[in-house]
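Chemist: Okay, structure incoming, though there's no sequence with it:
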């Protein structure tokens, strides 16, 4: 499926869940690795606010892209944020959703237009 670039320049993105290793297999506890680099993948939770709407999303980030100094509730930046629709069948049930991935998560700022 197609990967879609997410425009974040006007959005406010707040960290809601600290980075933690992404689990590939819940039964074994196997941690997910990047298919190309082999690097450990992390997940974070954020609230994405733009144009008067908000959504809670989980974003996958490579471990090397997790910046120091992240604070829960504080604004963050997600350079290279993309969305990828997915679907599969699990136990006979069709499931679908959107997976989000960014190159990094860094401390950010609230866009100037938000306070105006």
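Modeler: Noted; the coordinates are in hand. Just so it is clear, the structure is predicted and the values come from calculations on it, not from any experiment.

Chemist: mind checking how far the residue in the chain sticking out farthest from the centre is from residue 31?
Modeler: No residue in the chain sits farther from the centre than residue 92, which is 27.9 Å out by C-alpha atoms, centre = their mean. For residue 92, the distance to residue 31 (C-beta to C-beta, to the nearest Å) stands at 28 Å. Where you see a C-beta, it was placed from the backbone N, CA and C, and this is true even at glycine.

Chemist: related to what we said a few turns ago, need phi/psi at the residue farthest from the centre of the chain.
Modeler: phi 80, psi 0 (degrees, to the nearest 10).

Chemist: from now on call the first residue 582
Modeler: Sure thing, new numbering starts at 582, so read that last one as residue 673.

Chemist: okay, which residue is most central for this structure?
Modeler: The chain, centroid-nearest residue using C-alpha atoms, centre = their mean: residue 640 at 1.3 Å.

Chemist: roughly how far apart are that one and residue 681?
Modeler: Distance from residue 640 to residue 681, by C-beta to C-beta: 4 Å.

Chemist: and for these two, which residues touch both?
Modeler: Common contact partners of residue 640 and residue 681 (C-beta atoms under 8 Å, 6 or more residues apart in numbering): residue 662.

Chemist: So what sits opposite residue 596 in the bridge?
Modeler: Residue 596 has the following beta-bridge partners by DSSP bridges: residue 627.

Chemist: An error on my part: the question was meant for residue 668.
Modeler: residue 677.

Chemist: measure it to residue 678 for me?
Modeler: 8 Å.

Chemist: do residue 648 as well
Modeler: For residue 648 relative to residue 678 (C-beta to C-beta), the value is 27 Å.

Chemist: likewise residue 658?
Modeler: From residue 658 to residue 678 the distance is 24 Å (C-beta to C-beta).

Chemist: Neighbour count for the two, which is higher?
Modeler: A side-by-side neighbour count of residue 658 and residue 678, using other C-beta atoms under 10 Å, places residue 658 first with 16 against 10.

Chemist: check contacts around the closest residue to the more buried one other than its chain neighbours.
Modeler: Of all residues not flanking residue 658 in the chain, residue 689 sits nearest, at 3.7 Å (C-beta to C-beta, 6 or more residues apart in numbering). Residues in contact with residue 689 (C-beta under 8 Å, 6+ apart) are 594, 655, 656, 657, 658.
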